[in-house]
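Participant: using only what follows, build the 3D model:
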Amino acid sequence: MTGQTTGGAPRVNIIRDGLAAHLPDIDPEETAEWIDSFDAVLDAAGQQRARYLMLRMLQRARERHVGVPSLTSTDYVNTIPTDREPWFPGDEEAERAFRRWIRWNAAMTVHRAQRPGIGVGGHISSYASSATLYEVGFNHFFRGKDHPGGGDQIYIQGHASPGVYARAYLEGRLTEDRLDGFRQELSHGGPGHGLPSYPHPRLMPDFWEFPTVSMGLGPMNAIMQARYNRYLGDRGFTNTDDQHVWAFLGDGEMDEPESRGQLQIAATEGLDNLTFVVNCNLQRLDGPVRGNGKIIQELEAFFRGAGWNVIKVVWGREWDALLHADRDGALINLMNTTPDGDFQTYKANDGAYVRDHFFGRDPRTKALVEPMTDAQVWNLKRGGHDYRKVHAAYAAALEHHGQPTVILAKTIKGYGLGSHFAGRNATHQMKKLSLADLKEFRDSQRIPITDKQLEADPYLPPYYHPGEDDDALQYMRERRRSLGGPLPSRRVTAKPLVLPGDKVYDFVRKGSGKQEVATTMAFVRLLRELIKDKDIGDRFVPIIPDEARTFGMDSMFPTQKIYNPNGQQYTSVDAELMLAYRESEQGQLLHEGINEAGSVGSFTAVGTSYATHGQPMIPVYVFYSMFGFQRTGDSIWAAADQMARGFLIGATAGRTTLTGEGLQHNDGHSLLLAATNPAVLAYDPAFSYEVAHIVKDGLRRMYGSSAKRSASRSASSVGDS
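Facilitator: Here you go, the predicted structure:
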């Protein structure tokens, strides 16, 4: 280590593994003795003993209240040791069988969509890398709508949709004709006969529940959905204790600021009803995610620092014996120091290459694999393809309490598709297989289809179905029945609400008399009256991004209160005032802080509660200036795709009062942007009475007797303040 000198004492100026040292060395001789002692232990007893002593010293430092930063990353190995893996409860052989069938049918769904005259594109390799991650969930963890607890919410990574369709085909939910309509929603037999490439509830309203393909919105919306589940339970509408939110994400997707931007909410609110599963195939669209680094280690440090429980699934069971034999840590050292770019290169070659270029870098690790053939070396799998390792991680996530969990599972993009696909930089753009690829893929998946069948028309290789009486197929379907039915699935069971009569709107219709008021003030006055309604008042969910006082909504603080799962454990500075800041476990207001993206995430969760939970709730998201449609337009489109219902209110908008704040705040466009969304009805009211008519009609269309016949459109009141 090198250091600078301050007042004659050397000062360490590096940060490594989360430990920072910028203190002067007041006793260099004692420091040297400690370092010599450490070196002596390392030389005499090896790395494992030295590591143990270091960790024990850190533990003792915490016990004696010596502030030392936490270590945020661990060795590049599985978090759960082999001896702590639970017994795998499934029929391994049956699950292997239908997982191969699903892999084949998923690839054929995309490949057949490239036939002459169609050629609509698609993605093969993402699901190939994540098949085990989904299948372990579908077979053992994901609870369906018929589960007594109400079922889980599953945010499926968009590029994995072919695998979900392939499973639905074997379950009898989709036909071969529907699979052949992949990416042809209108051209294949008209609306309702094709399949959207990505999860799209509006296009498949009985199948998909959550749209996830706008990168980063899936993570945000999953967090706010998990938080909303707690909110709904805490307010007594329904019991959500047995519901879990699973979000499947890509390691490249974690580059998006939105993917990581809400992690603190999940941690501070202790959302242990939430699990992220990050498919770490180390591959973006064009190349490696972190060629010179290690994305799993980076994400581990980031999530740990944000307060999450982290479970790494790096290596499959084939590595267990080698790691057990690695007495001096040489293999772990190689794993720790090999960058992702090299790991991708290994998987684009063969066993001999891996033996020479990975294990061959250290004579001790080279000796570990000497008894193994090149084929055995090549068969050393990544952890995300081992259903036992994945099952252990999922079980541990559900057993962990007090924190959300992220599972970082290492996989290979294009796994099983053959040497032309697996781990290649271009694999994301590859959409079809050559005849040779088809045969290689068929052989690796042991699909009983002949060369003659493949050669008859390489553009249309057959799907595979084992027949209704097949034992493995029956096992697959029984697993879903036992877990509460098929997924994904979207149901609308909510009944229309009893709406208030005309009287509640009278005072707004009359106008403000001689007093000039902003339309925002008129709306807030109306909202306060509506919240008092005995039938639907408690179903209003005001969502505020830390601007309640600007909007005149602070009057709701002492009455409706702000939702906080921990209540208010402090005395507010304005506790003696009439409009004191009040938090409560049963609070009605969602006060999101300076967080427009999170506010729209809450709007989406609340506005789709009529389908997700069978509980129609009325979100009212009140935003300031361009932070509405201009900043969070993508999220609002996702809310529309999910068929959210509710009110979006531009409480301070237009060019009248914001000119002095600069061009960035010259919001003359929110109304125009709102009008371009086909799921939104946009208004620009100038008078109080208009606000009354807009709200009354919006409640009727979205929540009254006509709600089921409507297009589930959100009413947006974008007005001047």
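Participant: CA atoms for contacts and neighbours, from now on please.
Facilitator: Fine.
Participant: Tyr621 pairs with what?
Facilitator: Under DSSP bridges, the beta-bridge partners of Tyr621 are Ile543, Leu648.
Participant: touching, it and Phe647? I think so.
Facilitator: Yes: counting by C-alpha atoms under 8 Å, Tyr621 touches Phe647, with 6.3 Å between them.
Participant: by mean pLDDT, point me to the weakest helix or strand of the chain.
Facilitator: Across the helices and strands of the chain, mean confidence by mean pLDDT, DSSP states H and E is lowest for strand 15-16: a mean of 35.
Participant: residues touching Glu176, list them.
Facilitator: Glu176 makes contact with 169, 463 under the criterion C-alpha atoms under 8 Å, 6 or more residues apart in numbering.
Participant: spit out the contact partners of the closest residue to Val77 other than its chain neighbours.
Facilitator: Distance criterion C-alpha to C-alpha, 6 or more residues apart in numbering; nearest residue to Val77, sequence neighbours excluded, is Val314 at 5.7 Å. The neighbours of Val314, taking C-alpha under 8 Å, 6+ apart as the test, are 76-78, 382-384, 408-410.
Participant: among those, which ones are in strands?
Facilitator: If you go by DSSP state E, those have 408-410 in strands.
Participant: Pro201 sits in which helix or strand?
Facilitator: Per DSSP states H and E: Pro201 is located in neither a helix nor a strand.
Participant: for it, give me its contacts.
Facilitator: By C-alpha under 8 Å, 6+ apart, Pro201 lies in contact with 207-211, 490, 641-643.
Participant: do you know how far the closest residue to Gly192 other than its chain neighbours is from Pro488?
Facilitator: Closest residue to Gly192 in three dimensions, ignoring its sequence neighbours and counting by C-alpha to C-alpha, 6+ apart: Glu185, at 6.7 Å. For Glu185, the distance to Pro488 equals 19 Å [C-alpha to C-alpha, to the nearest Å].
Participant: before we move on, what about His591?
Facilitator: Using C-alpha to C-alpha, one gets 31 Å for the distance from His591 to Pro488.
Participant: quick one on the thing from earlier: farthest pair within the contacts of Val314?
Facilitator: Pairwise distances across those (C-alpha to C-alpha) peak at 13.9 Å, for the pair Tyr76 and Gly384.
Participant: out of these two, which sits in the busier spot?
Facilitator: The neighbour comparison of Tyr76 against Gly384 (other C-alpha atoms under 10 Å) goes to Gly384, with 29 against 20.
Participant: so where's the stretch 301-450 of the chain shaky on pLDDT?
Facilitator: Low-confidence segments of the stretch 301-450 of the chain, defined by pLDDT under 70: 418-431.
Participant: which parts of it are helices?
Facilitator: 320-325, 330-337, 340-347, 351-357, 363-368, 374-378, 387-399, 435-445 (DSSP state H, counting those that start in this stretch).
Participant: next: the stretch 101-250 of the chain.
Facilitator: Remark: helices assigned in the stretch 101-250 of the chain by DSSP H, counting those that start in this stretch are 125-140, 161-170, 176-179, 217-234.
Participant: got the residue ranges for the strands in the stretch 501-650 of the chain?
Facilitator: 540-544, 562-563, 583-584, 590-591, 618-624, 647-653 (DSSP state E, counting those that start in this stretch).
Participant: now do Pro24, the pLDDT please.
Facilitator: pLDDT for Pro24: 67.
Participant: distance of the residue nearest to Val77 from Cys280?
Facilitator: 9 Å.
Participant: and if you look at Asn566?
Facilitator: Distance from Asn566 to Cys280, counting by C-alpha to C-alpha: 34 Å.
Participant: cool, and Glu318?
Facilitator: According to C-alpha to C-alpha, Glu318 and Cys280 sit 19 Å apart.
Participant: looking at the two, which is more packed in?
Facilitator: Set Glu318 next to Cys280 and count neighbours by other C-alpha under 10 Å: Cys280 wins out with 27 against 16.
Participant: ok so, going back, could you identify which of the helices of the stretch 301-450 of the chain is most buried?
Facilitator: Of all the helices of the stretch 301-450 of the chain, helix 387-399 carries the top mean neighbour count, a mean of 21, counting by mean count of other C-alpha atoms under 10 Å.
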